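**Q** using only what follows, build the 3D model:
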Amino acid sequence: MTINCNGKLIDFKTPKVMGILNITPDSFYDGGLYQSEDKILAKVDKMLKDGATFIDVGAYSSRPGADDVPVKEELDRLLPVLHVLKQEFKNDILVSVDTFRSDVAEKAIHEGANIINDISGGVLDDRMFEVVALHQVPYVMMHMKGTPQNMKTLNQYEDLVLEVKHYFSERIDLALKKGIADLIIDPGFGFAKNINQNFELLNKFELLNDFDFPILCGVSRKSMIYKTLNLSPQEALNGTTALNMLALQKGAHILRVHDVKEAVECVELHKKLSDN
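**A** From the prediction side, this is the model:
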């Protein structure tokens with residue numbers, strides 16, 4: 001199972017780690033921490049040295065109930081950071097951009113973005129598939145209902161896993177018809193799902209392997225962990241590590257995390273288990 005990313009063939013026989021760089025002021029865990037160029041470069045340098053294959057840059061907070069941000073503001077946050085990252089790390093960095101807007105995706109690709117990570121799977125912007133197909137970049141397609149502003153009210157399912165799989169069947173078919181070559185799927189932990197539903201989805205995570213595409217798992221420091229353990233997001237690293245290992249055992253190919261070193265250790269230990 002591979003994707004072509006900026007001319008590099010990424011093989012998911014060994015799972016990969018995607019490090020999170022939030023450049024928003026209001027993200028649930030690290031909002032506001034990475035606003036200066038020095039702090040951004042130091043954070044990314046550390047994540048790359050710790051073993052991240054991808055860096056996922058987000059300029060629009062998608063936490064439940066987050067304020068909507070105009071396209072111009074998202075671009076004003078994002079494009080200077082992309083420019084600096086590409087200037088500093090050249091071809092040693094594979095940058096994913098977390099956006100559901102085709103205009104942002106297109107301008108990000110022109111600035112050097114290598115992957116588009118879309119929380120809406122193209123639902124919130126009909127032009128997204130066209131842009132991704134035109135530029136032939138890998139595309140992360142997540143499951144969500146509604147928007148970050150209203151998704152908490154849209155967590156009603158008759159059969160959660162069946163509905164998530166049905167969603168991917170439809171969206172994958174459309175993406176392939178539009179000409180997208182490299183797809184990654186993300187079941188969207190915390191997006192239009194309550195805590196019990198998140199655990200149900202993780203418990204049945206292996207069923208997503210039916211699609212034969214790489215699967216991204218993003219549970220890092222989320223409320224399914226810290227609310228269950230009665231902690232803060234800042235205290236949720238141990239719980240994140242526990243669930244990341246479970247996700248690897250159930251077939252995850254990418255761990256999207258705030259803490260790269262610990263996730264890479266998970267991958268190494270999982271590989272050792274698999275080899276014996």
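
**Q** isn't D11 right next to M1, touching?
**A** Yes: using Cβ atoms under 8 Å, D11 is in contact with M1, at 7.5 Å. For every residue, glycine as well, the C-beta is placed using N, CA and C.

**Q** tell me the buried residues in the helix or strand containing K39?
**A** Taking DSSP states H and E as the definition, K39 sits inside helix 37-50. Residues I40, L41, K43, V44, M47, L48, D50 are the ones in helix 37-50 that count as buried (16 or more other Cβ atoms under 10 Å).

**Q** now render those residues as CSV, adding pLDDT and distance to S62.
**A** Below are these laid out as CSV (pLDDT from 0 to 100; distance: Cβ to Cβ, whole Å):
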residue, pLDDT, distance to S62
I40, 90, 19
L41, 93, 24
K43, 93, 19
V44, 95, 20
M47, 97, 20
L48, 97, 24
D50, 98, 24
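
**Q** going along the chain, name the strands of this structure.
**A** All strands of the chain, identified by DSSP state E, fall at 2-5, 8-11, 16-22, 54-58, 95-98, 115-118, 139-142, 183-186, 216-217, 254-257.

**Q** out of those, flag the one nearest N196.
**A** Set against N196 and scored by Cβ to Cβ, the strands of the chain come closest in strand 216-217, at 17.8 Å.

**Q** for the closest one, which strands pair with it and how are they oriented?
**A** Paired with strand 216-217 in the same sheet, following DSSP bridges, are strand 254-257 (parallel).

**Q** per-residue confidence averaged over the strand it pairs with?
**A** For strand 254-257, mean pLDDT rounds to 98.

**Q** and it, how far out from the chain middle?
**A** 7 Å (Cα atoms, centre = their mean, to the nearest Å).

**Q** skipping its backbone neighbours, what lies nearest R77 in space?
**A** A59 (3.9 Å; Cβ to Cβ, 6 or more residues apart in numbering).

**Q** next one: Y139
**A** Spatial nearest neighbour of Y139, chain neighbours left out: V132 (4.6 Å); criterion: Cβ to Cβ, 6+ apart.

**Q** quick one: contacts of stretch 255-266?
**A** Contact with stretch 255-266 is made by 15-20, 29-30, 46-47, 50-52, 56, 186, 216-218, 220-221, 237, 240-241, 244-245, 247-248, 267, as judged by Cβ atoms under 8 Å, 6 or more residues apart in numbering.

**Q** just the buried residues of that stretch, please?
**A** L255, R256, V257, H258, D259, V260, K261, E262, A263, V264, E265, C266.

**Q** which pair in those residues spans the largest distance?
**A** R256 and E265 (15.9 Å).

**Q** burial measure for H135, as a count.
**A** Close neighbours of H135, defined as other Cβ atoms under 10 Å, add up to 15.

**Q** any idea how far it is from I115?
**A** Separation of H135 from I115 (Cβ to Cβ, to the nearest Å): 11 Å.

**Q** swap in V140?
**A** V140 is 7 Å from I115, by Cβ to Cβ.

**Q** do G121 as well
**A** G121 sits 14 Å away from I115, going by Cβ to Cβ.

**Q** what does A242 give?
**A** Counting by Cβ to Cβ - A242 and I115 are separated by 27 Å.

**Q** who's more crowded, those two?
**A** Neighbour count, other Cβ under 10 Å: between A242 and I115, I115 has more, with 26 against 13.

**Q** check contacts around the residue lying closest to the more buried one once chain neighbours are set aside.
**A** Counting by Cβ to Cβ, 6+ apart, I115 lies nearest to S96, which is 3.8 Å off, once chain neighbours are set aside. Applying Cβ under 8 Å, 6+ apart to S96 gives the contacts M18, F54, I55, D56, V57, A113, N114, I115, I116, N117, V140.

**Q** which of these are buried?
**A** M18, F54, I55, D56, V57, A113, N114, I115, I116, N117, V140.

**Q** for these, which one is nearest T228?
**A** M18 (23.4 Å).

**Q** what's the pLDDT at the closest one?
**A** 98.

**Q** separation between it and V264?
**A** Taken as Cβ to Cβ, the span from M18 to V264 is 11 Å.

**Q** overlap in contacts of the two?
**A** Shared contacts of M18 and V264 (Cβ under 8 Å, 6+ apart): A52.
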